[in-house]
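Peer 1: sequence first, then the predicted structure, then my questions.
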There are 2 protein chains.
Amino acid sequence: MLEIMDLESQPLSGLAPRERIVKTASDLFYRFSVHTVGIDRIIAESGVAKMTFYKHFPSKANLVATYLRHKNILWLQMLGTATGKAGLSPLERVLAIFDALDASFQAPSFRGCPFVKGMAEFGPEGNSPEVQMTIAAHFEGLRAFVASLIAPLALNEPKKAVVQILSLIQGSIVLAQSMRDPIIAGANRDAAKLLLQAGLNPAFSLESPE
Amino acid sequence: MLEIMDLESQPLSGLAPRERIVKTASDLFYRFSVHTVGIDRIIAESGVAKMTFYKHFPSKANLVATYLRHKNILWLQMLGTATGKAGLSPLERVLAIFDALDASFQAPSFRGCPFVKGMAEFGPEGNSPEVQMTIAAHFEGLRAFVASLIAPLALNEPKKAVVQILSLIQGSIVLAQSMRDPIIAGANRDAAKLLLQAGLNPAFSLESPE
DNA sequence: CAGTAAATATACAGACCTGTATGTTCTGCG
DNA sequence: CGCAGAACATACAGGTCTGTATATTTACTG
């Protein structure tokens, strides 16, 4: 057989078996869903033996949790670099989230939020505690991240603002997946700007325009 | 065996077989997920024979589409009654959406948006065209509904406002499912109010508070 | 009462799933 | 070189899934 010419995912040859498995599983689980991708397919496409797989991962559920932790790292890295650029004001850092979202929405591989999809497949009734813990940790981490970005703004109701920004983020992702409109991220960026400015200047908020 | 004393779902005895199947499937698909609930379980819990099931539904995918159409009707009915109450101003009609969401979030059976979950399980790659069509029709219907509520406000950028309101709606649902905080719907109601008021009075928007 | 259509119970085919068991081959290191 | 451990290929056990086939019973209708 010489060498496997994997035309589709090329930078997979040099990696160690464990990383090949995680990368293959991550792509397949995200593109399709977890339940529609079996172990056999992951093993075949990662070019790994079944025994090797079960040496590295005790079960499929553990691989799913690993996949989600992997996505969580990528996700928070993307937000961290976008919001951490030098020279940005505190307000601009929050708004940079939506610029980063805008870019990721345009990627052809975009399929929505892996954790929302994870909740859909592994609800509270299903018994996969490790997966559920990983999902809950992601949402809590994202909440804490947004809260840390909003704190410097010294708003009157920071907790409420965090909920609003998080809703705009998650709503953007759902809309970007369900309809295909390039204005989604920008519209929500504007919404976030308005909400945060209103929080900075209380005279703005809840006053009837007349 | 005399009679089946179904203690859990009582108002199921008098219904016709087809409606028993839809009701049972709707509850199970929504509480758990579609892929984790098999035909056998639906048949068992609806008290119907397998042949009867396949007389009424040509396949499981068709039942899934029927379930989603059922949920779509319930969902739009809820929004219609909440926003259609007499004596509400156009702005209040939009905000009434979030009051209705707040109520549904508190129901113990709340498990998020059936259509977001449907997208997670039946992505664009999976070949279930009827299910995908049903999901797409729901999102388009919801968009048109919100657009019809916003039209009377005569905003400068109605399309953008629709995207913002839809994002707040979907974001609320995701947050209500991932974290459990009773302020979510209210916070997003306030956000919607502020955004729509800013659209009514352009002097509000995008002015730096200093 | 008779006859027809719907619903029943049950068994089963074929495919897929996770996870294990049994060997063989490659690879890195002393 | 020589050997140990990792990764390989493959077959299979036990279970579940969708969908079909066979045969019996209920229920309505003329």
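Peer 2: Perfect, thanks for sending it. Numbering: from 1, shown residues only, chains lettered A, B, ... in the order given.

Peer 1: tell me if the top helix by length along chain A is near DNA strand C.
Peer 2: Criterion DSSP state H: the longest helix present in chain A is helix A:60-83. Yes: using CB under 7 Å from any atom of the strand, helix A:60-83 reaches DNA strand C at A:Lys60, A:Ala61. (Glycine included, C-beta is placed from N, CA and C.)

Peer 1: and that helix, anywhere near DNA strand D?
Peer 2: No: for helix A:60-83, no contact with DNA strand D is found by CB under 7 Å from any atom of the strand; the gap never falls below 11.9 Å.

Peer 1: other SSEs contacting that helix?
Peer 2: helix A:17-31, helix A:90-106, helix A:114-121, helix A:129-150 (3 or more CB pairs under 8 Å, 6 or more residues apart in numbering or on different chains; DSSP states H and E).

Peer 1: how about it: buried residues?
Peer 2: The neighbour-count check on helix A:60-83 (16 or more other CB atoms under 10 Å in any protein chain shown) flags A:60-61, A:63-68, A:70-72, A:75, A:79, A:82-83 as buried.

Peer 1: chain center to it, what's the gap?
Peer 2: 7 Å (CA atoms, centre = their mean, to the nearest Å).

Peer 1: output the below-cut-off pLDDT ranges for chain A.
Peer 2: A:1-14, A:202-210 (pLDDT under 70).

Peer 1: residue in it nearest to DNA strand C?
Peer 2: A:Gly38 (3.0 Å; CB to the nearest atom of the strand).

Peer 1: got the phi/psi numbers for that residue?
Peer 2: Note on A:Gly38: its backbone torsions stand at phi -90, psi 170 [degrees, to the nearest 10].

Peer 1: burial check on it, number of neighbours?
Peer 2: By other CB atoms under 10 Å in any protein chain shown, 11 other residues sit near A:Gly38.

Peer 1: hey, what's the angle from the longest helix of chain A to helix A:17-31? Just curious.
Peer 2: When axes from the mean of the first three to the mean of the last three CA atoms, to 10 degrees is applied, the directions of helix A:60-83 and helix A:17-31 differ by 80 degrees.

Peer 1: element containing A:Val34?
Peer 2: For A:Val34, there is no enclosing helix or strand under DSSP states H and E.

Peer 1: contact partners for it?
Peer 2: A:Val64, A:Gly118, A:Glu121, A:Phe122 (CB atoms under 8 Å, 6 or more residues apart in numbering or on different chains).

Peer 1: for stretch A:42-53, C-alpha coordinates in PDB please.
Peer 2: C-alpha atoms of stretch A:42-53 as PDB (Å, rounded to 0.1, in the frame of the first residue of the first chain):
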ATOM      1  CA  ILE A  42     -13.300   7.700  12.500                       C
ATOM      2  CA  ILE A  43     -10.900   4.800  12.600                       C
ATOM      3  CA  ALA A  44     -10.900   4.400   8.800                       C
ATOM      4  CA  GLU A  45     -10.400   8.100   8.000                       C
ATOM      5  CA  SER A  46      -7.800   8.700  10.600                       C
ATOM      6  CA  GLY A  47      -5.800   5.600   9.400                       C
ATOM      7  CA  VAL A  48      -5.700   4.000  12.800                       C
ATOM      8  CA  ALA A  49      -6.400   0.600  14.100                       C
ATOM      9  CA  LYS A  50      -9.300  -0.100  16.300                       C
ATOM     10  CA  MET A  51      -7.200  -1.300  19.200                       C
ATOM     11  CA  THR A  52      -5.000   1.800  19.000                       C
ATOM     12  CA  PHE A  53      -8.200   3.900  19.300                       C
END
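
Peer 1: what comes up buried for it?
Peer 2: Result for stretch A:42-53 [16+ other CB under 10 Å]: buried residues A:Ile42, A:Ile43, A:Glu45, A:Ser46, A:Val48, A:Thr52, A:Phe53.

Peer 1: is any residue of it near chain B?
Peer 2: No: with CB under 8 Å from any CB of the partner chain as the criterion, chain B is not reached by stretch A:42-53; the gap is at least 14.5 Å.

Peer 1: hmm, that stretch in reach of DNA strand D?
Peer 2: Yes: judged by CB under 7 Å from any atom of the strand, stretch A:42-53 comes into contact with DNA strand D at A:Gly47, A:Val48, A:Ala49, A:Lys50, A:Met51, A:Thr52.
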